[in-house]
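# Kindly return the folded structure for what I paste below:
(one chain, ligands or ions: 1)
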Amino acid sequence: MSLPENAAAADAEYDVAVVGAGIAGLTAATTLAATGRRVVVLEKSRGVGGRMATRRVGEAVCDHGAQQFSVTGRAFGNLVTAAETAGVVDSWCQLFPTAATAAGPVTAPLDEAGHARWRGTRGMTSLPKYLVAALPTPVRTQTRVEAISIDAGRVRLTDEQGQHVVAAAAIVTAPVPQALDLFTAGGLTPPLVDEATWETLAAIRYEPCFSLMLVLKRPSLLPAPGGLAVNSGPVAWLTDNQQKGISSVPSLTIQARGDFSRDHFDDDPEEVTGQLIDLARPWIDGDPAAVVVASSLQRWKFAFPENPLKAPLVALSQQPPIVCCGDSFGGGLVEAAASSGLAVARWLERLPG
Ligand SMILES: Cc1cc2nc3c(=O)[nH]c(=O)nc-3n(C[C@H](O)[C@H](O)[C@H](O)COP(=O)(O)OP(=O)(O)OC[C@H]3O[C@@H](n4cnc5c(N)ncnc54)[C@H](O)[C@@H]3O)c2cc1C
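Predicted coordinates for the structure are as follows:
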């Protein structure tokens, strides 16, 4: 699978164009680049990592997307082992404590029930940044793809500036509803593409999630190791970013459950911030009015796929190949997304040239 020798030299031409520099796009891109493919990664944000997201709030460093990840499969395991050797990720714990509600009580994890839960050593973006360093060409950040079309047997990706990238194949890792918007804008809808494939993609739904980052005057009261899963109520998860080892100053990340996030998605951010602080009150050492020195609320519209497919990828078009992958393909979460990216790279490598 490569561009024909005599391909017209219009626009920028590549073997593979990847939409999105999250973990799926980067595992696919680095695998393909390592086999000599000319790969370009287009990312709408200023930074890389997608939902593996780390941000500075005041003096604090906060993970505000994925908090940790598991490794069960061999392909992702090999990548994580190499990243661990490079000092990019390490094992955070075997299993987190859980609380019945955000107010407790806390149940300590059973020793024998765990497997390693991994963290980035400088925040969750450490792993995506490590992958970017292995790419021969930089990720094109702040490049929002607006349409994907087929032109003379190749894939054409048009960004918001009206610039085009032409490639023999495309990998699309944007959350699926956003991917379908790009195909629609490029005219790639049924009957031009298979109706059943389109319907399969259109059925994928996502849960939203609020992620509130707080900078605190004093360390939080969260138990070791600084991550707490909450079984019921509006709060789903809490992280102490200082205990986690990524923030030099006390900081909490509070993540809301999907139904709360959906019900309040368009509410005034200050009201949502106040509600989440009240709910996390048992873990803040003192009056929040005095102890919370800064806050930042992130709204993730497409946080978790509700009904991910079992398949690691779906090809919207075989010729030229246009493939969707990411955490909606293979079960949700970081490991599924990474494994899906690795699978799509193998799938493209097997296509006849
Ligand atoms: C709050 C939260 C908590 C989470 N907690 C965990 C956890 O603890 N453990 C776990 O395993 N998983 C967790 N997850 C899920 C995990 O983060 C995701 O499953 C995984 O990171 C998805 O990776 P991806 O590459 O498929 O997608 P993404 O990371 O979303 O990457 C897609 C990329 O495409 C870019 N993009 C989109 N549209 C365009 C466009 N038009 N042009 C250019 N670029 C575009 C986006 O900016 C993004 O960078 C969490 C997610 C959230 C939001």
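
# neighbouring contacts of stretch 104-120?
52, 54, 63, 67-72, 80, 88-100, 126-127, 223, 227-228, 244-246, 282 (CB atoms under 8 Å, 6 or more residues apart in numbering). Any C-beta I mention is one placed from the backbone N, CA and C, and that applies to glycine too.

# among those, which are within reach of the ligand?
52, 67, 68, 69 (CB under 6 Å from any ligand atom).

# Determine the longest strand present in the chain.
Ranked by residue count and defined by DSSP state E, the top strand of the chain is strand 292-305.

# buried ones in it?
Within strand 292-305, the residues scored as buried using 16 or more other CB atoms under 10 Å are 292, 293, 295, 296, 297, 298, 299, 300, 302, 303, 304, 305.

# how about the strands in the stretch 251-353 of the chain?
For the stretch 251-353 of the chain, strands defined by DSSP state E, counting those that start in this stretch occupy the ranges 251-256, 292-305, 314-317, 322-324.

# what does this structure have sitting close to the ligand?
19-25, 42-45, 50-52, 65-69, 144-145, 173-175, 178, 182, 209, 211, 255, 300, 303-304, 326-327, 332-334, 337.

# How far off centre is the worst-scoring helix or strand of the chain on mean pLDDT?
When the helices and strands of the chain are scored by mean pLDDT, DSSP states H and E, strand 106-107 comes last with a mean of 88. Chain-centre distance of strand 106-107: 29 Å, with CA atoms, centre = their mean, to the nearest Å.

# That strand - which strands sit beside it in the sheet, and in what orientation?
Partners of strand 106-107 in the sheet, by DSSP bridges, are strand 98-99 (antiparallel).

# For the partner strand, which outside residues touch it?
105, 106, 107, 109, 228, 229, 230, 231.

# Which strand residues bridge the fifth one?
Residue 228 has the following beta-bridge partners by DSSP bridges: residue 238.

# OK, contacts around it?
96, 97, 98, 99, 106, 222, 237, 238, 239, 283.

# now the residues you listed as TSV including neighbour count?
As requested, the contacts of residue 228 are exported to TSV (neighbours: other CB atoms under 10 Å):
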residue	neighbour count
96	22
97	16
98	14
99	23
106	15
222	23
237	19
238	25
239	30
283	22
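
# farthest pair in the buried residues of strand 292-305?
Greatest spatial distance among the buried residues of strand 292-305 (CB to CB): 293 and 305, at 35.3 Å.

# ok, and the closest non-adjacent residue to residue 336?
What sits nearest to residue 336 in space, not counting adjacent residues and going by CB to CB, 6 or more residues apart in numbering, is residue 330, at 4.1 Å.

# thinking that neighbour is in contact with residue 308, fair?
Yes. Between residue 330 and residue 308 there is a contact under CB atoms under 8 Å: 6.8 Å.

# Between the two, which contacts overlap?
By CB under 8 Å, 6+ apart, the residues touching both residue 330 and residue 308 are residue 336.

# which stretches of the stretch 51-200 of the chain form strands?
Under DSSP E, counting those that start in this stretch, the stretch 51-200 of the chain gives strands at 54-57, 60-63, 89-93, 98-99, 106-107, 117-120, 145-151, 154-159, 164-172.

# what does the first one contact?
The reference is to strand 54-57. Strand 54-57 has contacts (CB under 8 Å, 6+ apart) with 61-64, 120, 122-126, 213-215, 246, 251, 294-296, 298.

# What subset of those residues is buried?
Among these, those scoring as buried are 61-64, 120, 123-126, 213-215, 246, 251, 295-296, 298 (criterion: 16+ other CB under 10 Å).

# List the buried residues in stretch 31-47.
Neighbour counts using 16+ other CB under 10 Å place 31-33, 37-45, 47 of stretch 31-47 among the buried residues.

# got it, and stretch 311-330?
Neighbour-count burial for stretch 311-330 [16+ other CB under 10 Å]: 312-317, 320-330.

# just stretch 215-234 next, same as before
215, 216, 220, 222, 223, 225, 226, 227, 228, 229, 230, 234.

# for the first one, helix, strand, or coil?
The local conformation at residue 215, judged by DSSP: H, G, I helix; E, B strand; the rest coil, is strand.

# That one touches residue 60, doesn't it?
Yes. Using CB under 8 Å, residue 215 is in contact with residue 60, at 4.4 Å.

# Excluding chain neighbours, what is closest to residue 72?
Using CB to CB, 6+ apart, the closest residue to residue 72 is residue 335 (6.5 Å).

# ok, longest helix in this protein?
What stands out as the longest helix in the chain, according to DSSP state H, is helix 333-350.

# Can you give the distance from that one to the centre of its chain?
For helix 333-350 - counting by CA atoms, centre = their mean - the centre lies 14 Å from the chain centre.

# Please find the angle between the direction vectors of it and strand 164-172.
Relative orientation of helix 333-350 and strand 164-172, computed by axes from the mean of the first three to the mean of the last three CA atoms, to 10 degrees: 120 degrees.

# ok, back up a step: in JSON lines, list the ones next to the ligand among the contacts of stretch 104-120 along with distance to residue 352.
Formatted as JSON lines, those follow (distance: CB to CB, whole Å):
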{"residue": "52", "distance to residue 352": "34"}
{"residue": "67", "distance to residue 352": "42"}
{"residue": "68", "distance to residue 352": "40"}
{"residue": "69", "distance to residue 352": "35"}
